[in-house]
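Got a sequence here, can you model it:
(2 chains)
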Amino acid sequence: NAGVMQNPRHLVRRRGQEARLRCSPMKGHSHVYWYRQLPEEGLKFMVYLQKENIIDESGMPKERFSAEFPKEGPSILRIQQVVRGDSAAYFCASSPTRGVWEQYFGPGTRLTVT
Amino acid sequence: AQSVTQPDIHITVSEGASLELRCNYSYGATPYLFWYVQSPGQGLQLLLKYFSGDTLVQGIKGFEAEFKRSQSSFNLRKPSVHWSDAAEYFCAVRAGNMLTFGGGTRLMVKP
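The predicted structure follows:
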């Protein structure tokens, strides 16, 4: 049973470009969570999605960031017009149901904005 | 609001020595608590969790943690540390739809 997959593992973008980060949850998992880890800090919640629904986006910056989890395919975290402060590791986690609180994490995407 | 504090940013122990990593939480309801480990450049691996019941929980890799409601603590312990345990350790509490993480404790192991 493959774990949570994230790609790319490393992404370099120039200021003003767009970044797209992908997350494929574990097989059988329908709940996806995105977290951001700034250098030397812990993880901060960004958004929680189920298939075709955003359940909680209370941790998402109001501008430039969006997330989706379509019926088919991976979940996407999109950052438009990236700035240097967006440089961080972005982790995706999945869980099988809402009531199960073991979140399984992917290896992360390390975004560097130059 | 919920929060998690890990007072020790760095800890160094000798291989074979015992280990205790501290975690204090602030949460109004019954907490669901977790410890994760992150090796350099890697994702997070769940070590153990506490939902209810026995306050001493066993995890993988020989780790255990004890939930103490009176002290709002959930400290992680290991009786004998191995060099491969060097990593960053995060304590987390479930809060609504998310996990709230502490700032992490970086463990270094001396030979």
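
can we go C-alpha only for contacts and neighbour counts from here?
Fine.

number of nearby residues for the residue of chain B found nearest chain A?
Across chain B, no residue is closer to chain A than residue B:43, which sits at 3.9 Å (CA to the nearest CA). Counted with other CA atoms under 10 Å in any protein chain shown, residues neighbouring residue B:43 total 21.

got it, and residue B:1?
Counted with other CA under 10 Å, residue B:1 comes out at 6.

Quick check: it is in a strand.
No. Assignment of residue B:1 by DSSP: H, G, I helix; E, B strand; the rest coil gives coil, placing it outside any strand.

picking that back up, list the contacts of the residue of chain B closest to chain A.
Neighbouring residues of residue B:43 by CA atoms under 8 Å, 6 or more residues apart in numbering or on different chains: A:91, A:105-108.

for these, which one is nearest chain B?
Scanning the contacts of residue B:43 for proximity to chain B, where the rule is CA to the nearest CA, the winner is residue A:107, at 3.9 Å.

Chain neighbours aside, what residue packs nearest to residue B:33?
residue B:93 (4.6 Å; CA to CA, 6 or more residues apart in numbering or on different chains).

Surely that neighbour and residue B:101 touch.
Yes. Using CA atoms under 8 Å, residue B:93 is in contact with residue B:101, at 6.7 Å.

and for the two, which residues touch both?
B:3-4.

one step back: now that we have the contacts of residue B:43, which one has the most neighbours?
residue A:108 (30 neighbours).

Which pLDDT value belongs to that one?
Looking at residue A:108, its pLDDT is 94.

gap between the nearest residue in space to it that is not next to it in sequence and residue B:71?
Using CA to CA, 6+ apart and skipping residues adjacent in sequence, the residue nearest residue A:108 is residue A:91, 4.4 Å away. According to CA to CA, to the nearest Å, residue A:91 stands 31 Å off from residue B:71.

quick one on the thing from earlier: can you tell me the strand partners of the helix or strand encompassing the residue nearest to residue A:108 and which way each runs?
Assigned by DSSP states H and E, residue A:91 belongs to strand A:88-95. Strand A:88-95 pairs in its sheet with strand A:31-37 (antiparallel), strand A:104-105 (antiparallel), strand A:109-113 (antiparallel), by DSSP bridges.

quick one: buried residues of that strand?
A:88-95 (16 or more other CA atoms under 10 Å in any protein chain shown).

Could you do stretch A:11-22 as well?
Neighbour-count burial for stretch A:11-22 [16+ other CA under 10 Å]: A:11, A:13, A:15, A:19, A:21-22.

surely residue B:21 meets residue B:77?
Yes. Shown here, residue B:21 and residue B:77 form a contact pair, counting by CA under 8 Å, at 6.4 Å.

Have a look at the two and say which one is more surrounded.
Higher neighbour count among residue B:21 and residue B:77: residue B:21, with 23 against 18, using other CA under 10 Å.

just to revisit the earlier point, who touches the residue nearest to residue B:33 in this structure?
Neighbours of residue B:93 in contact, by CA under 8 Å, 6+ apart: B:3-4, B:25, B:31-34, B:99-101.

quick one: stretch B:5-16 near chain A?
No. Contact of stretch B:5-16 with chain A is not found when judged by CA under 8 Å from any CA of the partner chain; the minimum separation is 9.7 Å.

Quick check: which element contains residue B:45?
strand B:44-50.

Which strands border that strand, and is each parallel or antiparallel?
strand B:33-38 (antiparallel).
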